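sequence and predicted structure below; questions after.
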Amino acid sequence: MLDLLKGLSKEDKWKNHTTCGADSLTKEQVRAIFEAPIHDPDTKRLCLLRLRNKALSILMIVNGWHVHDAKRLMDSHVEDFPDYRDRDKTHRPKMLFRGRKCKEHILVHNTVGCGCLGPHCNANTNCFYNVLKWYTKVKKRSDDHFCKTATKLMSKKQRKPHFNDDGTLKERQFFRSHPKKKNNNVYPHRNQGLHSIQGVLEFWNKELNLSETPLTTNQARKTFATFGHKHTAVHS
């Protein structure tokens with residue numbers, strides 16, 4: 001009985017409690033990341049680091065992913081629908097990302113599609129689908145380059161982590177490691193590390209001067225939840 005009374009006395013405190021979690025990104029910060037250029041500001045050439053980090057940031061913010069959701073994503077978990085059309089027959093290509101919830105391990109899938117105004121435009125650098133499509137194309141080109149050049153210099157022991165017994169490339173995570181300085185036109189056949197995924201928002205913070213304080217990846221999930229509550233929730 002004493003325990004029950006003590007619990008009742010704390011009821012208001014529990015109801016009014018708010019967690020001290022991460023702050024969500026502002027609309028201006030989200031827009032700056034979504035519209036960030038994927039070309040090097042100095043050389044005007046495609047920057048593979050910017051391309052990968054923009055693709056990663058888009059998926060983390062739009063899907064509300066945890067860091068481990070991004071790390072677990074494999075190439076085989078991604079399905080491309082380049083010819084998809086909406087109910088009104090407008091061309092709206094999309095990609096499907098399969099996985100499981102980080103904590104409950106329930107199978108889920110997320111869809112990210114075209115963001116063009118009107119029919120899809122293949123040259124729109126702000127279209128989510130285009131960024132993801134370009135990233136997958138460069139990865140495919142990088143794998144082909146790896147098979148043609150790097151394998152000639154590898155010993156049998158060095159080939160083992162990269163190739164199956166039948167000579168085909170082993171599957172890698174959807175997000176690849178940063179291109180080496182000596183050859184920054186291809187993605188190495190290596191998985192992106194957890195530390196690199198955790199620093200993706202801070203990368204854009206420094207590149208775009210978004211905030212005086214560091215940005216962290218848990219703000220991506222908080223942004224997803226905050227925007228969903230403000231713009232889609234039914235308020236009584």
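Looks like it came in fine. Numbering: from 1, shown residues only.

so what secondary structure elements neighbour the helix ranked longest in the chain?
Scanning the chain for the longest helix, with DSSP state H as the assignment, gives helix 128-148. On a contact count with 3 or more Cβ pairs under 8 Å, 6 or more residues apart in numbering; DSSP states H and E, helix 128-148 meets helix 48-63, strand 78-81, strand 94-100, strand 107-113. Any C-beta I mention is one placed from the backbone N, CA and C, and that applies to glycine too.

can you show me the CA trace of the last one as CSV?
Right, the one you point to is strand 107-113. Extracted in CSV, the C-alpha atoms of strand 107-113 (Å, rounded to 0.1, in the frame of the first residue of the first chain):
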residue,chain,number,x,y,z
LEU,A,107,11.1,-6.1,-41.0
VAL,A,108,10.4,-2.8,-42.6
HIS,A,109,10.9,-1.0,-45.9
ASN,A,110,11.3,2.7,-46.8
THR,A,111,10.6,4.3,-50.2
VAL,A,112,12.4,7.4,-51.4
GLY,A,113,11.3,8.8,-54.7
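
low-confidence ranges in this protein?
1-21, 101-106, 226-236 (pLDDT under 70).

in it, which spans are helices?
Under DSSP H, the chain gives helices at 2-9, 11-15, 27-34, 48-63, 67-72, 128-148, 156-159, 194-198, 200-208, 218-231.

can you state the direction angle for the longest one and strand 107-113?
Going back to what we said before, that points to helix 128-148. 110 degrees (axes from the mean of the first three to the mean of the last three Cα atoms, to 10 degrees).

quick one: contacts of helix 128-148?
Here helix 128-148 makes contact (Cβ atoms under 8 Å, 6 or more residues apart in numbering) with 34, 38, 48, 51-52, 54-55, 58-59, 62, 75, 78, 80, 82, 93-95, 112-115, 120, 122-125, 162, 169, 176, 186-189.

out of the helices and strands packed on helix 128-148, nearest to Thr223?
helix 48-63 (5.7 Å; Cβ to Cβ).

bridging across strands, which residues link to Asn110?
Asn110 has these beta-bridge partners by DSSP bridges: Phe97.

contact partners for it?
59, 62-63, 96-97, 99.

any idea which of the helices of the chain gets closest to Lys180?
Of all these, helix 48-63 comes closest under Cβ to Cβ, at 10.4 Å.

can you tell me how far the spatially most central residue of the chain sits from Ala70?
The residue lying closest to the centre of the chain (Cα atoms, centre = their mean) is Leu56, at 2.5 Å. Separation of Leu56 from Ala70 (Cβ to Cβ, to the nearest Å): 6 Å.
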